[in-house]
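take a look and give me a structure for this.
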Amino acid sequence: RIWDTATGECLKTIYAQANPPVSLVKYSPNGKYVLAGTLDGKLRLWKTSTCCKTYASHTNTKYCLASDFLVSNPRRPSIVTGSEDGRIYIYDLQSQKVRQILEGHSDAVLAVSTHDSSELIASGGMTADKTVQFWAPKDQVPKLDFKKRKIVDEGQD
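Reported below is the predicted structural model:
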């Protein structure tokens, strides 16, 4: 729905085919589009009230999965999403084709986030996995400054 923030009035209601439950909404970096994830396993890219692109190779029927724009490399603008099959799907923003599938989690990938200026992806797995993983193109790994850190559970002595 599109709301008038000053009056609280609903100006327009937008429906996707079959009207599936919405699990994610995210503005594009340029603010002109909204990416919406739905529980029919699709990501839809909307411009105002028109769905202009659909990405549908990942699995999403039960959980709220995070998705993000990966636009730090202008030669490879992408959409990144977690999936209930334990993978991360990277779609070409324009062609909507799967550019790459990242495997490494052992359960549904509920969280993904991309870096603003580096081709870096962080992902988080569900109950059976419980890990946060970082992904980067092989040629950029030497430039990243990751140091091993011990994570302390504050509930333990």
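
what sits against the residue positioned nearest the centre of the chain?
Among the residues of the chain, the one closest to the centroid is Ser67, at 1.0 Å (C-alpha atoms, centre = their mean). Shown in contact with Ser67 (C-beta atoms under 8 Å, 6 or more residues apart in numbering): Leu24, Lys26, Leu35, Gly37, Leu43, Ile79, Val80, Thr81, Gly82, Val112. (Each C-beta comes from the backbone N, C-alpha and C, glycine too.)

just give the nearest non-adjacent residue to the fourth one, would you?
Counting by C-beta to C-beta, 6 or more residues apart in numbering, the nearest residue to Gly37 once its immediate chain neighbours are dropped is Leu24, at 3.5 Å.

the third one too?
When the adjacent residues along the chain are set aside, Leu35 lies closest to Lys26, with 4.8 Å between them (C-beta to C-beta, 6+ apart).

enumerate the beta-bridge partners assigned to Gly82.
Here Gly82 sits in beta bridges with Ile88, going by DSSP bridges.

show me where the protein has strands.
2-3, 10-12, 22-27, 34-38, 42-47, 50-55, 67-70, 78-82, 87-92, 98-103, 109-114, 121-125, 132-135 (DSSP state E).

which of the ones you listed sits most buried?
Burial of the strands of the chain is given as mean neighbour count (mean count of other C-beta atoms under 10 Å); strand 78-82 ranks first at a mean of 25.

run the angle between it and strand 87-92 for me.
Interaxial angle, strand 78-82 versus strand 87-92 (axes from the mean of the first three to the mean of the last three C-alpha atoms, to 10 degrees): 160 degrees.

quick one, strand 78-82 and strand 98-103 angle?
Counting by the same axes, to 10 degrees, strand 78-82 lies at 30 degrees to strand 98-103.

hmm, who's touching strand 78-82?
So strand 78-82 is contacted by 35, 37, 43, 45, 55, 58, 60, 65-71, 88-93, 99, 108-112, 114, 121, 123-124 (C-beta under 8 Å, 6+ apart).

no further queries at this time; thank you.
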